[in-house]
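> Just need the structure, nothing else, for what follows:
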Amino acid sequence: MLGPTRTLGARRAMLPLGSCTHRIWPSLAKVQRFRRPVTASSIIPTALGRRRAGSMPPQAAASQAAEGEHKHTNRLAKEQSPYLLQHAHNPVDWYPWGEEAFEAARRDGKPIFLSVGYATCHWCHVMEHESFESDETAAIMNKAFINIKVDREERPDVDRVYMTFVQATTGHGGWPMSVWLTPDLKPFYGGTYYPGKDQYGMPSFNTVLRRIAQLWTTKRKDLEEQASTVMEQLEDFTSSPPQSPTAAAAAPDKRRLLSAVSGCAKALSKGFDSKLGGFGGPPKFPRPSEINLLLKAAEEQDVSEQGVPSASLLLGMSLFSLQKMAAGGMYDQIGGGFHRYSVDEHWHVPHFEKMLYDNPELALTYLDAFRLTLAEQRRIGSGSITPAAAAAADAGAAGSGSSKRAKLEDDKTLKDPRVYATVVRGILDYLRRDMTHPEGGIYSAEDADSLDTSTGKKSEGAFYVWTADEINKVLGTERATLFSEVYGVKSEGNCTLSPRSDPHNEFNGKNVLMQFKSLSAAVSAAAPDMPLERAEVLLGSCRHELWGRRAKRPRPALDDKIVTAWNGQAMSAFALASRILPAEQPPPKPCFPVDACTPDTYMTAAVKMAEFARHNLWDASTGRLRRAFCKAPSAVEGFADDYALLISGLLDLYECGGGLHWLQWAVQLQETLDTLFWDKQGGYFQGSGTDPSIKLRLKEDYDGAEPAASSIAAANLIRLAALLPSGSSPSSSSSSSSSEEMQQMSYGDRADAVLSG
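From the prediction side, this is the model:
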């Protein structure tokens, strides 16, 4: 195994072209140039934007037919991952990642084709339908390659090693990821989606396969030499530079840390979209880590920093963005919870998959906004904002037009706490209602694609979009008139706000629901004699009825894998909601998708998650976590983010009244995290370094779509230092598995080392 390395993080520079196979294979350079660029905040899981109408493939054969009806069955049928099971009946002779596949490649002298994706990946479905279900393509793959399929959510270590290669050699990335490796697992060519036939200015997947097979036969030595060179350059490029003794010894004082936060806030504010909210252009991702930083900067601003926006302006930017996001179609106005991202600048038409890894983090962000605005409301003694503002939040109505930065500082509609509490409840109630295992764990995701009964084909968003006629039939003319005023429902469809919203005209005549008007404005236009309180109740009943009708549609596929890290974050959201939401006064009434359950209900859910994790995601005999559970605990051991986020959830559960035993378990897990993943230069590696098939030991240094393990761990260590200043476990028997070096460091010292690293 090569030495310890750091991920590319925000440094997305490419390796020299001479280091990759472009100089052997210049004819395919155009394939790489076509890839959508990777942003600093996340990797966009598509290659071509929105799919053309009617081209959605069927769901995986594994979910469509009984075992005896399948023509093909491969080794993936023995796996637990829903993504791998989707490919269990491809004609491709797939292997899971493991020694059996590696040995076959060495024995047969064949290169490895590695395909990485996830169960709800839109373009993974496309490539499966176009290529992996094809007997012709499978014949080429089976003859020339050892073919390995990996679920990136189950094996993020495999994904990040080879995504680092793809990004470094092409400047782009995404899923499905396609990489060709030597038998000793060194990559020599890679990309993302390849079409089933020559199109989009790209060679077909079959063309690529044949060319690589030919090169392996005629220039194998060159390819192997270049693969070794690439790995050496990747190791050098991503290596953690040795830390000087002075830097290592310098504990970061509060003023220095606040200065860093202020500097980040200053940089983020320059990209603020004052008209539509958010930071940067489309496609628009929610980026909770960035908004969290702005909220923290607003709360504890270092006023000596030059050029940093005022605390009230930073708060206004954050709240304005949060309200715009929640008013848009990216938020499921009927059922609650957020879709992955918006393809346009208006937060309107989303990529429709729903993921666990961002919904709990968003709930925590909106919960923080509720806390800060409630404190502000109490501080200025303004009392409650009018029911009209609470129900509508005019600034959050997605079609309300531009907003100047100066207005953000004193816009009272942005500072109504109930707006943010409602979104928190909408997310958590969705997770309780639709995503919870009977024993308490939370499932990973819902697909973007489902069967459109009007066409008999699967298409993206079919479960979520509406025609005006459907709305009228369910609600009746009178109620539909008001509902349509609020949510912008039109007979011709409403996906026309931006050329990006529906570039292939998939949604002609369809409506993605979004708060186009405030409730007060809609009532004035559609029902001027109706009291606003009654209108608010009416809208809730409309949403509930539409939810019931929608539930009769074919539902998107569920990825029922339960991931430790994401469940730890969900545990935090539920526990903290149980502690903070009692401040809602008066208590909310049911208004779908909000159930208005008591905060104790959220605490009960958090406890059940912790109990599920203890029984199904932790091996008591070894003291180690498992990455996931799907019908049984995964054979894959947990990664640093699994430990860090579960520890964070357990600390929140303890501090919100869950019981001392959760703190005791958190301390035990922290010791294991320190033992397995600690980097002497500061921070935590992603993996334990014990798997010889992982050629780069990476360390994430950037909070992107998911927070980095080191940043969560630093916060955990600071909290543990406050809870246990002596550094000892609260348990009666204090046995530690940490190294001698770690035992000599207090929690505070470890936190300082992470922040200084």
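> List the buried residues of the lengthiest helix in the chain.
Counting residues, the longest helix found in the chain (DSSP state H) is helix 359-380. Neighbour counts using 16 or more other CB atoms under 10 Å place 359-374, 376-377 of helix 359-380 among the buried residues. To be clear about C-beta, it is placed using only N, CA and C from the backbone, and glycine gets the same treatment.
> then it to CSV, C-alphas only?
The C-alpha trace of helix 359-380 is given here as CSV (Å, rounded to 0.1, in the frame of the first residue of the first chain):
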residue,chain,number,x,y,z
ASN,A,359,-31.8,15.9,4.6
PRO,A,360,-30.7,15.5,8.3
GLU,A,361,-28.0,18.1,7.8
LEU,A,362,-30.5,20.5,6.3
ALA,A,363,-32.8,19.9,9.2
LEU,A,364,-30.0,20.8,11.5
THR,A,365,-29.4,24.0,9.5
TYR,A,366,-33.0,25.0,9.6
LEU,A,367,-33.1,24.2,13.3
ASP,A,368,-30.2,26.5,13.9
ALA,A,369,-32.0,29.2,11.9
PHE,A,370,-35.1,28.7,14.1
ARG,A,371,-32.9,29.1,17.3
LEU,A,372,-31.2,32.2,16.1
THR,A,373,-34.3,34.0,14.8
LEU,A,374,-36.2,33.1,18.0
ALA,A,375,-33.4,34.6,20.1
GLU,A,376,-33.5,37.7,17.8
GLN,A,377,-37.2,38.0,18.2
ARG,A,378,-36.9,37.8,22.0
ARG,A,379,-34.0,40.2,22.1
ILE,A,380,-35.8,43.0,20.2
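> for that helix, packing partners?
Packing contacts for helix 359-380, counted by 3 or more CB pairs under 8 Å, 6 or more residues apart in numbering; DSSP states H and E, involve helix 288-299, helix 311-327, helix 417-434, helix 564-580.
> tell me the angle the longest one makes with helix 359-380.
Translated: helix 417-434. Interaxial angle of helix 417-434 relative to helix 359-380 (axes from the mean of the first three to the mean of the last three CA atoms, to 10 degrees): 160 degrees.
> tell me which strands and helices helix 417-434 is in contact with?
On a contact count with 3+ CB pairs under 8 Å, 6+ apart, helix 417-434 meets helix 311-327, helix 359-380, helix 564-580, helix 599-616.
> so how far is the longest one off the chain centroid?
This points to helix 359-380. 21 Å (CA atoms, centre = their mean, to the nearest Å).
> And for the third one?
Here helix 564-580 is found 16 Å from its chain centre; the criterion is CA atoms, centre = their mean.
> now stretch 113-131: mean pLDDT?
Mean pLDDT, computed over stretch 113-131, is 95.
> Over to stretch 440-447?
Here the average pLDDT along stretch 440-447 is 98.
> For that stretch, which outside residues touch it?
118-120, 153, 353-357, 431, 434-437, 555-563, 566-567, 570, 605, 607-609, 611-613, 616-617, 629 (CB atoms under 8 Å, 6 or more residues apart in numbering).
> Could you tell me which ranges of this protein sit under the pLDDT cut-off?
Residue ranges of the chain with pLDDT under 70: 1-68, 240-252, 301-307, 382-410, 727-743, 757.
> Tell me how many other residues crowd the closest residue to Arg579 other than its chain neighbours.
Leaving aside its sequence neighbours, Arg579 sits nearest to Cys656 (CB to CB, 6 or more residues apart in numbering; 4.3 Å). If you count neighbours by other CB atoms under 10 Å, Cys656 ends up with 21.
> Tell me who's in contact with Cys656.
Cys656 makes contact with Ala575, Leu576, Ser578, Arg579, Met603, Ala606, according to CB under 8 Å, 6+ apart.
> any idea which of the residues you listed is the one closest to Gly476?
Ser578 (38.2 Å; CB to CB).
> Just give me the neighbour total for that closest one.
Neighbour count for Ser578, taken as other CB under 10 Å: 25.
> Next one: it from Gly337, what distance?
19 Å (CB to CB, to the nearest Å).
> Might one say that Ile647 is in contact with Met571?
No. Ile647 is beyond contact range of Met571, at 10.3 Å (criterion: CB atoms under 8 Å).
> quick one: which of these two has more around it?
Per other CB under 10 Å, whichever of Ile647 and Met571 has more neighbours is Met571, with 31 against 26.
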